[in-house]
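>>> would you be able to build a 3D model of this:
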Amino acid sequence: METRQAGVLLHITSLPSSVKEQARAEKSRLGQIDQQAWHFVDWMHGADLAIWQLLPLTHTHSDGSPYHALSAFALDPKFLPETISNDAIDADAFAVFQQTHQAWLDDYALFMVLRDEFAQQAWYDWPESLKKRDVQSLAAFAKSHAEQLLRVKQQQFLLFTQWLKLKTYANQKKVRLFGDMPLFVALDSADVWANQDLFKLDEQANPEVVAGVPPDYFSETGQRWGNPHYDWQRMEQDGFAWWHLRVRHSLSLFDWLRIDHFRGLESCWEIDADEPTAINGRWVPTPGNELLQSLLRDFDELPLIAEDLGVITDEVLALKDKFGLPGMAVMQFGFDGLPDNPHALHAQTANTVVYSGTHDNDTTLGWWQGLDDNTQTWIASQLKPLVGPVIEQTDLDNSMPWWLVVAVMLSKANKAIIPMQDFLMLDSTHRMNTPGTVDHNWQWQFDWSQVPESLAENIAILVEACQRSGFEYKENQDG
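Take a look at the predicted model:
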């Protein structure tokens, strides 16, 4: 018996801004954890959507990418509404927070104040004593910057308090929060600075090898991400303590957690740091089996989702299946006509999270508009007879992107996730991210004026018609 549910993919920054129009020139338009987030949960509840998937909530660098963070633990300060002040802090609750999060909070606060001290320079360019974390030097700096350190910790306390209030409210509305955890961390991060022995760094704290993926159909030179690799042998020595801390921390914020680049838990593409591209890398096995076994001994259950997109080996699939982790399917990838395509509607299985597209895809309407006429005709011939009768129960257009949205809803996959852009029928100009580019990403935001009054009701009809209202469901109940 499995519960079939539907949800929406929308990052916090993509929520409407609560800042009044006249003030937007002076303040960020990006969404925050404010009344707009509560309003969105209410809208989801009315649409019978039970899953809210978000991108990583961690503190980003200036590029705004949630997958390139200053910390794997700290929440992004830009999420904190301006109306919430440090002056209103509950001293006892703040003390408990500091004690509970001491394992990462002290280092993060030091890291951020030091970055301010050195004009946002990366930690590996700081003076040697601070770069190498000389105890006396750090203690002297902390003593002379106590007020700044306190403000950083207070800000995190307010962010966590606000987020957990939202999570409680969402859960009360029968909405579960679905988070995202990148496998790798950024070189310029509090995590690497504070745990240099856990990464493959040389004596000057420079990476010996960096992460990426090899050349493939999409790139002749592969992708050189630049993240430092973990020293997995060192991590095994203390039972993967850093990973236990990270996973426990993340699961305190979310009901489910996606492991981005799950493939890297079986083996990683290592590139010598002096190589300019990813061409001359090599696959190096990683102890993902031992890590997951260790986590299972520490947790009653592991509500993890494996991001298994791209070229995935039998070994990776075996690791995912051994621990019963759901994988992913993306409907936009499901129409190449090949019989072994795991994204094709007929090939999807129950233990899967299926999407019309992800944050890295074009919107479904944009994807559709980019196809040639013959491909559009063929896809329409495949989908329209299947989804048309469902769409006709609503007053929605019997066209794209609704054809793909309903196909996702009809999938055998237990969890079906639709990006908000697809619910709003938006084109490529509303894309969240274009991989391999740095401009105009992570900035998309919707406005309530784009949401038809009847949209939630129509989505609820689709959810019910596709048997995703959260009831217990047998895959073979209809034969």
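>>> is it correct that N195 is in contact with W242?
Yes - assessed by C-beta atoms under 8 Å, N195 is found in contact with W242 at 6.2 Å. Glycine gets a C-beta too; all of them are placed from N, C-alpha and C.
>>> mind checking how far E275 is from L55?
Look at E275 and L55: by C-beta to C-beta, to the nearest Å, they are 29 Å apart.
>>> what ranges of the stretch 351-479 of the chain fall below the confidence cut-off?
Across the stretch 351-479 of the chain, the ranges flagged by pLDDT under 70 are 470-479.
>>> if you rank every helix and strand of this protein by mean pLDDT, what lands last?
Lowest by mean pLDDT, DSSP states H and E among the helices and strands of the chain is strand 469-473, with a mean of 56.
>>> out of E275 and L55, which sits in the busier spot?
Between E275 and L55, counted using other C-beta atoms under 10 Å, the more crowded position is L55 (25 against 14).
>>> SS state for that one?
coil (DSSP: H, G, I helix; E, B strand; the rest coil).
>>> and V8, what are its bridge partners?
Beta-bridge pairing for V8 (DSSP bridges): W52, I418.
>>> neighbours around it, how many?
V8 has 23 neighbouring residues, counting by other C-beta under 10 Å.
>>> again with the one 5 residues further on
Other residues near T13 number 25, with proximity taken as other C-beta under 10 Å.
>>> please name the nearest non-neighbouring residue to G281.
I271 (4.0 Å; C-beta to C-beta, 6 or more residues apart in numbering).
>>> again but with A306, I slipped
Closest to A306 by C-beta to C-beta, 6+ apart is F262, at 3.9 Å.
>>> I'd say that neighbour and T313 touch.
No - contact criterion C-beta under 8 Å: F262 and T313 do not qualify, at 11.8 Å.
>>> among these two, which residue is more densely surrounded?
Applying other C-beta under 10 Å to F262 and T313 shows that F262 carries more neighbours, namely 23 against 12.
>>> tell me who's in contact with the more buried one.
183, 306-308, 316, 320, 325 (C-beta atoms under 8 Å, 6 or more residues apart in numbering).
>>> mind doing that once more with 10 Å?
F262 sits next to 183, 288, 304-309, 312, 316, 319-320, 325, 327-328 when contact means C-beta atoms under 10 Å, 6 or more residues apart in numbering.
>>> dihedrals phi and psi, it?
Main-chain dihedrals, F262, degrees, to the nearest 10: phi -60, psi -30.
>>> can you give me the strands in this structure?
Using DSSP state E, the strands of the chain run over 2-9, 51-53, 176-182, 209-213, 223-228, 256-260, 267-272, 282-285, 304-306, 327-330, 352-355, 415-419, 469-473.
>>> least reliable of those strands going by mean pLDDT?
Across the strands of the chain, strand 469-473 has the smallest mean pLDDT, namely a mean of 56.
>>> nearest residue to W442 in space, please, no chain neighbours.
Closest residue in space to W442, ignoring its immediate chain neighbours: G64 at 4.2 Å, by C-beta to C-beta, 6+ apart.
>>> pretty sure the one you found contacts W444?
No - counting by C-beta atoms under 10 Å, G64 sits too far from W444 to count as a contact (11.2 Å).
>>> mutual contacts of these two, please.
Jointly contacting G64 and W444 under the rule C-beta under 10 Å, 6+ apart are 13, 30, 433.
>>> go ahead and confirm W243 touches L295.
Yes - with contact defined as C-beta under 10 Å, W243 reaches L295; the gap is 7.1 Å.
>>> re earlier: list the residues that contact both of N195 and W242?
With C-beta under 10 Å, 6+ apart as the test, N195 and W242 both reach 104, 230, 234-235.
>>> what's the closest of the residues you listed to Q332?
For the shared contacts of N195 and W242, the minimum distance to Q332 (C-beta to C-beta) is 31.9 Å, reached by Y230.
>>> ok, the closest one - contacts?
Y230 touches 183-185, 195, 198-200, 211, 240, 242-243, 264, 268, 286-287, 291, counting by C-beta under 10 Å, 6+ apart.
>>> please indicate which of the residues you listed are buried?
183-185, 195, 198-200, 211, 240, 242-243, 264, 268, 286-287, 291 (16 or more other C-beta atoms under 10 Å).
>>> what's the neighbour count on T429?
Residues near T429, counting by other C-beta under 10 Å, number 10.
>>> buried residues, the longest helix belonging to the chain. List them.
Longest helix in the chain, counting residues (DSSP state H): helix 146-172. Buried residues in helix 146-172, counted by 16+ other C-beta under 10 Å: 148-149, 152-163, 166-167, 170.
>>> next: stretch 177-189.
177-189.
>>> chain center to it, what's the gap?
8 Å (C-alpha atoms, centre = their mean, to the nearest Å).
>>> quick check: end-to-end length of it?
By C-alpha to C-alpha, to the nearest Å, the extent of stretch 177-189 from end to end equals 26 Å.
>>> before we move on, what about stretch 338-350?
For stretch 338-350, by C-alpha to C-alpha, the gap between its terminal residues amounts to 21 Å.
>>> how much space between the residue nearest to M112 when sequence neighbours are not counted and K200?
Distance criterion C-beta to C-beta, 6+ apart; nearest residue to M112, sequence neighbours excluded, is V152 at 5.2 Å. Per C-beta to C-beta, V152 is found 29 Å from K200.
>>> could you find the closest non-adjacent residue to F73?
Closest residue to F73 apart from its sequence neighbours, by C-beta to C-beta, 6+ apart: W104 at 4.1 Å.
>>> show me where pLDDT drops low in the stretch 151-300 of the chain?
Applying pLDDT under 70 to the stretch 151-300 of the chain picks out residues 218.
>>> and the helices in the stretch 301-450 of the chain, which stretches?
314-322, 364-369, 373-391, 402-410, 420-423 (DSSP state H, counting those that start in this stretch).
>>> possible to save those helices as JSON lines with distance to V135 and mean neighbour count?
Listed next are the helices of the stretch 301-450 of the chain as JSON lines, based on distance: least, C-beta to C-beta, whole Å; neighbours: other C-beta atoms under 10 Å:
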{"stretch": "helix 314-322", "distance to V135": "40", "mean neighbour count": "16"}
{"stretch": "helix 364-369", "distance to V135": "54", "mean neighbour count": "20"}
{"stretch": "helix 373-391", "distance to V135": "63", "mean neighbour count": "14"}
{"stretch": "helix 402-410", "distance to V135": "54", "mean neighbour count": "25"}
{"stretch": "helix 420-423", "distance to V135": "48", "mean neighbour count": "26"}
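>>> pLDDT score assigned to T83?
For T83, the pLDDT comes out at 86.
>>> what's the spacing between it and V213?
43 Å.
>>> higher neighbour count, these two?
V213 (21 against 9).
>>> so the more buried one makes contact with V311?
Yes - V213 is within contact range of V311, at 8.6 Å (criterion: C-beta under 10 Å).
>>> you'd agree V210 is up against G222?
No - using C-beta under 10 Å, V210 is not in contact with G222, being 11.7 Å away.
>>> any shared contact partners between these two?
The contact sets of V210 and G222 overlap at 269, 271, 278, 281 (C-beta under 10 Å, 6+ apart).
>>> count the neighbours of the third one for me.
Right, A278. Neighbour count of A278, defined by other C-beta under 10 Å: 22.
>>> apart from its chain neighbours, what residue comes closest to it?
In space, and not counting its chain neighbours, A278 is closest to G222: 3.0 Å by C-beta to C-beta, 6+ apart.
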